[in-house]
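1. just to be clear, the model below is a prediction. Sequence and coordinates:
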Protein chains: 4
Amino acid sequence: MIRFECDYNEGAHERILQRLMETNMEQTSGYGTDGHCERARMLIRQACDNEQADVHFLVGGTQTNTTVIASILRPYQGVIAASSGHIAVHETGAIEATGHKVLTVPSEDGKITPEQVRAVYDAHMNESSPEHCVQPGMVYISQPTENGTMYSKAELQALHTVSRACGLPFFVDGARLGYALASRACDMTLADLARLCDVFYIGGTKIGALMGEAVVILNDALKPDFRYMIKQKGGLLAKGRLLGIQFETLFEDGLYLDISRHAIDMALRIHDSLEQQGVRFLYDSPTNQQFPILPDRLLEKLRNGYTFTFWEKVDDTHSAVRFCTSWATQQENVDALTRDITQLLHGEIHVPERVEALV
Amino acid sequence: MIRFECDYNEGAHERILQRLMETNMEQTSGYGTDGHCERARMLIRQACDNEQADVHFLVGGTQTNTTVIASILRPYQGVIAASSGHIAVHETGAIEATGHKVLTVPSEDGKITPEQVRAVYDAHMNESSPEHCVQPGMVYISQPTENGTMYSKAELQALHTVSRACGLPFFVDGARLGYALASRACDMTLADLARLCDVFYIGGTKIGALMGEAVVILNDALKPDFRYMIKQKGGLLAKGRLLGIQFETLFEDGLYLDISRHAIDMALRIHDSLEQQGVRFLYDSPTNQQFPILPDRLLEKLRNGYTFTFWEKVDDTHSAVRFCTSWATQQENVDALTRDITQLLHGEIHVPERVEALV
Amino acid sequence: MIRFECDYNEGAHERILQRLMETNMEQTSGYGTDGHCERARMLIRQACDNEQADVHFLVGGTQTNTTVIASILRPYQGVIAASSGHIAVHETGAIEATGHKVLTVPSEDGKITPEQVRAVYDAHMNESSPEHCVQPGMVYISQPTENGTMYSKAELQALHTVSRACGLPFFVDGARLGYALASRACDMTLADLARLCDVFYIGGTKIGALMGEAVVILNDALKPDFRYMIKQKGGLLAKGRLLGIQFETLFEDGLYLDISRHAIDMALRIHDSLEQQGVRFLYDSPTNQQFPILPDRLLEKLRNGYTFTFWEKVDDTHSAVRFCTSWATQQENVDALTRDITQLLHGEIHVPERVEALV
Amino acid sequence: MIRFECDYNEGAHERILQRLMETNMEQTSGYGTDGHCERARMLIRQACDNEQADVHFLVGGTQTNTTVIASILRPYQGVIAASSGHIAVHETGAIEATGHKVLTVPSEDGKITPEQVRAVYDAHMNESSPEHCVQPGMVYISQPTENGTMYSKAELQALHTVSRACGLPFFVDGARLGYALASRACDMTLADLARLCDVFYIGGTKIGALMGEAVVILNDALKPDFRYMIKQKGGLLAKGRLLGIQFETLFEDGLYLDISRHAIDMALRIHDSLEQQGVRFLYDSPTNQQFPILPDRLLEKLRNGYTFTFWEKVDDTHSAVRFCTSWATQQENVDALTRDITQLLHGEIHVPERVEALV
């Protein structure tokens, strides 16, 4: 079985394991106060071109989202997010468990617009009795989104502007951030992102690390006491060095972007192969997640050799599915996949009209 | 600087790192559904002599305590714990953050008694309007305790009995469980523990693993939907295999106990050396934490070469401090420590009368 | 200014005030343990034809919804509700503040269907990894709804059946329950409701009382320790008698239904007058809330003499508004309103095509 | 049965009921936006000699404490309180249910000292890793305390000073505030209190009102959005006028203090009568709660005719009990009580040596 159902099917990049071996018997202080964490923080600040940024290491994405959001909102505030946002649908109510509503706005492709943010804000402020409703307290987006799509620098700038105008901290979930940064369609840098949002994180779990997310806090108002929040929410790893060493490795000479680029190459290889054969895609994704629309009969057979994620029914005989690549994806597996799909498609695929209309 | 201030100063046991290397490019499904986790669960069930136990892997201690406790209590219930219990003092209010009060009972040495549990329960039930007070909903202990002390099998049996009689689930925090099991004073086994409590966990972070705690649920009523709780509280690691591989390694041939025994040997080496020189101890600890009472002037000098934890002032010129050993402690470091303390003590230590009375 | 913007513009029914005067210097025990509360509970049990029901008195609607829902759900569960449900939009995130997500389903008229409940349940249960999502834990409806519409007995029966089949407790918010029971279109009784749901409440605040809601718990599993929940959520009134006396008065000889009928009569008087003049309504409401669609220019003038609630724009020149009647509405005020609207409409109203299409 | 077990055994002062009757059919807007609430706010601002104060009306004490505290604390902060404080022991964990720990300090008589506040603060700030512990975030006291004792102006000033020095908002629970202000031993005024704390409330439930507490916010930083908090926590009464009318009546011509004085007179009548007969008291209370130590055999007989609260065993044959008076206490009932105690005491009371030593 060859796996494409997610981007965390393997362990860690070999250089990370190597570094863990080399440093294993070093004695360090705990909870992220060691030298490896300090160096990793410094490297990330440099990559963000912001010497004043606070950098913290947490273990996973749900934990990070919950900790950041709970640290920002007042008890009666909620977070604006796409209806497809990870915090809205795939975290078992972790945000609500800290007392906050996710204020969703509809999204076709995982992205939200400045107009939507402004509309939620204005609608609330224009209520005759706003105190009967949850107050919008911040803006959450994922870059890239859960649908593989990506915000351009101009779009981020516009979200920054509207958030600032409404007094809403702007938080970017970067669980797959490398796969945006390394995309050929990407026109923003880490430094751009650090300039345009109040807090974001750099995902490690899905990009080369065993686990770990690096939170970067830019807005001074959000910096104090963040370690209390991490500890309370269960994210302050005793052997914090484990996170420091990993991010040190990922950021000391560009490894993070290098391995992200590999994932993009592999994703495009899938994309281009299928596109050449007339396959349509549910989303126009330039990142590591690809959402082709394929005949159900084909998918049934494909499941014998590959794992991937069912996304949604598109018509009576076709479904959109998700293939993920990652830093660890092997080209031979990609080639096997595209070859097998090609064979299965041959003489079989007739994209019906309804799908054409849809995509 | 030689470190004794905690039991998580190093990385992981070399066999664990080795295994991570070997399995690194295996493709597995996520969130603990892989074969390594399955095998680790099986090994732990065997070690507990309970084939029906549910076993889950979480990342850290605070996270584990919060998740287990929040999964058990009704909204108006609290958890009975020693005033020195980890959940009461060192988790930044993580339990309260899930809505629950920690109902503390005083403890000299970190242990609580069945009489105390019964008293809290009876006091509540005898209230004329109990609904105005937090209802005791479960019992929490640490084995070994935060003070290095340990419950005997008979004491656990008695706590089991009173908990059962009061209808209170009995939860054992085993963040350092190996250091109890491997203690020469220990008369209980994992199987005993699994028979006597409703849920407990086996700490990996402090005993050989990079990180990780294995929750073992014995009481059927506590089993359903626990994975929802783990996910919501941020403990469901995407690459769950990372935890599975570690516990597999620790439990496939007794490594967990073997390396725990090493820590005990090192701790006793410190204990015996100091005791021979007339040093008194704050707690009578048979486990990996030792709490000698030493002259402040000696401690000041000792800090030049060693890290350890200040515990409390004992009199005007003496303090109790904590030295931790672990699976990773090197004997040469222990010998250097005891040698240096001996030299510093020589001609200097005069345990004052007040201390003698105290200890 | 004559007020129609809500159903709590006045104080209490005069018989309630009279009874408060008469009993004022009686000495009673606190927190709802007095004889008046006991008698009120008995009367409500009789009205519900269920001698085993637990009856509790709380102060207000948001408090009651929060207390009931938080008492039922497990930490990872959410409550299914209409997107227009009070708990979803007008309680400042009170449900989320207790840790729970409101799982909304779309609704045109405030009602939800058994098919929607089943779909939410099935969608969750068919997830490949359901533990990543909030688990549906109960069903919430309002009877009548926030849009003035009402469930028939058959519809309640169907919701009961699907809730039972899915193992979801079924909770009915009856903040305006009397205005459903007294509606000419109503085919259910209190006893029917008590047979078909697991817990509901009888609203007093909007129907004759100074304030107060009577929670009726039918399902034995939901009964234990509910007073702890009330106390913790701030709803256990010290002078509980104040609630007991009011519900005693409302239920000892049918006052609750009698005054509800008056509100319905007044609402229909508005409805029929406007309908005769060709006015359309946004919802087909047989209860005390009426939602006519009127010209914006008319509404602007009407605001000089009357308060009412803007509901939504219907087209460029028309809006839907809400007029509420209540137990206290005076017929002379209703007649003044309909007379003034009639005069304003005369020679002015031209329901445009778009509105016709809409309503 | 004559009741002395609490200060909420009766309804409301007759002038309040009279006013409710007079205003009953007035139409007003909801949720505290009406003219009565506005006037009550103005009167309270005047009484506090602070025109800038924000005044809000809530329904009950637990609700008010929860709402105020949850509005102030950050998620990782706790509230410093006496171990006997209402929030620590008699609110079913309402504070914890909003995520916050109550950081208790021991108290003999219900009061806490500036030294205790400073010690808690310093202990936290001097932790080597403070983020592992709950951060002190505010100070809570009750005036008068749950034990009938009272802070002097100088003591309040000192608590103000230390709170300010530590950056901790200072909150005063005034559920029985009138019974402090009207005490003959009281040297502070409402204006003093408003000058010395950041937020406090004026209790109505126990002093003349049917129910209701008036929160007075002095610190500008605590003012924004407080109505959101009230709504979310279930305290925003639909018919807010009900609270406005009551506080208007209590504060327009000094009624609040007048009726409080009556309660004090009645309490002192009990106190002086018992003291003359050699009865000792558990606390030296100048307010409406009296805690005499009486023979258990006497108490047993007294229960046939009177209700009062058992407080604690003092020795094998004596207990301290609590008698409460209130605005509604009738002198004939007080005289009956003291007469009956006197008769029961006659020839029976022998305060044993242990009690003498204790009190």
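-> Thanks, I have the structure now.
2. and the longest helix along chain A, what's buried?
-> Longest helix in chain A, counting residues (DSSP state H): helix A:255-276. By neighbour count on 16 or more other CB atoms under 10 Å in any protein chain shown, the buried set for helix A:255-276 is A:255-256, A:259-271, A:273-274. Heads up, the C-betas are built off the backbone N, CA and C, glycines and all.
3. tell me the pLDDT at whatever residue of the stretch 1-150 of chain A ends up closest to chain B?
-> Nearest residue of the stretch 1-150 of chain A to chain B: residue A:63, at 3.1 Å (CB to the nearest CB). According to the prediction, residue A:63 has pLDDT 98.
4. does it touch residue A:234 like I think?
-> Yes. Counting by CB atoms under 8 Å, residue A:63 touches residue A:234, with 6.7 Å between them.
5. ok, and what's touching the helix or strand containing residue A:80?
-> Taking DSSP states H and E as the definition, one finds residue A:80 inside strand A:77-82. With contact meaning CB atoms under 8 Å, 6 or more residues apart in numbering or on different chains, strand A:77-82 is reached by A:69, A:73, A:87-88, A:95, A:100-107, A:110-112, A:116-117, A:120, A:134-142, A:145, A:168, A:171, C:93, C:96.
6. return only those of those residues found close to chain B.
-> Residues of the contacts of strand A:77-82 in contact with chain B (CB under 8 Å from any CB of the partner chain): none.
7. of these, buried ones?
-> Buried residues within these, counting neighbours by 16+ other CB under 10 Å: A:69, A:73, A:87-88, A:95, A:100-105, A:107, A:110-112, A:116-117, A:120, A:134-142, A:145, A:168, A:171, C:93, C:96.
8. out of the residues you listed, which are inside helices?
-> A:69, A:87, A:88, A:95, A:116, A:117, A:120, C:96.
9. and which of those is nearest residue C:31?
-> residue C:96 (28.1 Å; CB to CB).
10. what parts of the stretch 1-150 of chain A come near chain D?
-> So the stretch 1-150 of chain A meets chain D at A:31, A:70-71, A:74-76, A:98-99, A:129-132, A:135 (CB under 8 Å from any CB).
11. which of these has the weakest pLDDT?
-> Of all the residues of the stretch 1-150 of chain A next to chain D, residue A:129 carries the smallest pLDDT score, 94.
12. phi and psi next, for it.
-> Main-chain torsions, residue A:129, degrees, to the nearest 10: phi -130, psi 70.
13. am I right that it is in contact with residue D:29?
-> No. With contact defined as CB under 8 Å, residue A:129 does not count as touching residue D:29 (9.8 Å).
14. look at those two and report which has more neighbours.
-> Neighbour count, other CB atoms under 10 Å in any protein chain shown: between residue A:129 and residue D:29, residue D:29 has more, with 19 against 14.
15. sec struct for the more buried one, please.
-> Of the three states, residue D:29 takes coil under DSSP: H, G, I helix; E, B strand; the rest coil.
16. mind listing what it touches?
-> C:3, C:5, C:9, C:307.
17. could you rerun that using 10 Å?
-> With contact taken as CB atoms under 10 Å, 6 or more residues apart in numbering or on different chains, residue D:29 is in contact with A:129, C:1, C:3, C:5, C:6, C:8, C:9, C:307, D:35, D:37, D:240, D:241.
18. quick one: the second one from residue B:253, how far?
-> Spelled out, that is residue C:1. With distances taken as CB to CB, to the nearest Å, residue C:1 is found 84 Å from residue B:253.
19. and if you look at the first one?
-> If you measure residue A:129 against residue B:253 using CB to CB, the figure is 67 Å.
20. likewise for the fourth one?
-> According to CB to CB, residue C:5 stands 75 Å off from residue B:253.
21. how about the stretch 101-250 of chain A: which residue is closest to chain B?
-> Closest point on the stretch 101-250 of chain A to chain B, by CB to the nearest CB, is residue A:234, at 3.1 Å.
22. helix or strand for the nearest residue to that residue once chain neighbours are set aside, which one?
-> Leaving aside its sequence neighbours, residue A:234 sits nearest to residue B:63 (CB to CB, 6 or more residues apart in numbering or on different chains; 3.1 Å). Element membership of residue B:63, judged by DSSP H and E, is helix B:61-72.
23. for that helix, buried residues please.
-> Those would be B:61, B:62, B:63, B:64, B:65, B:66, B:67, B:68, B:69, B:70, B:71, B:72, for helix B:61-72 by 16+ other CB under 10 Å.
24. thanks a lot, see you next time.
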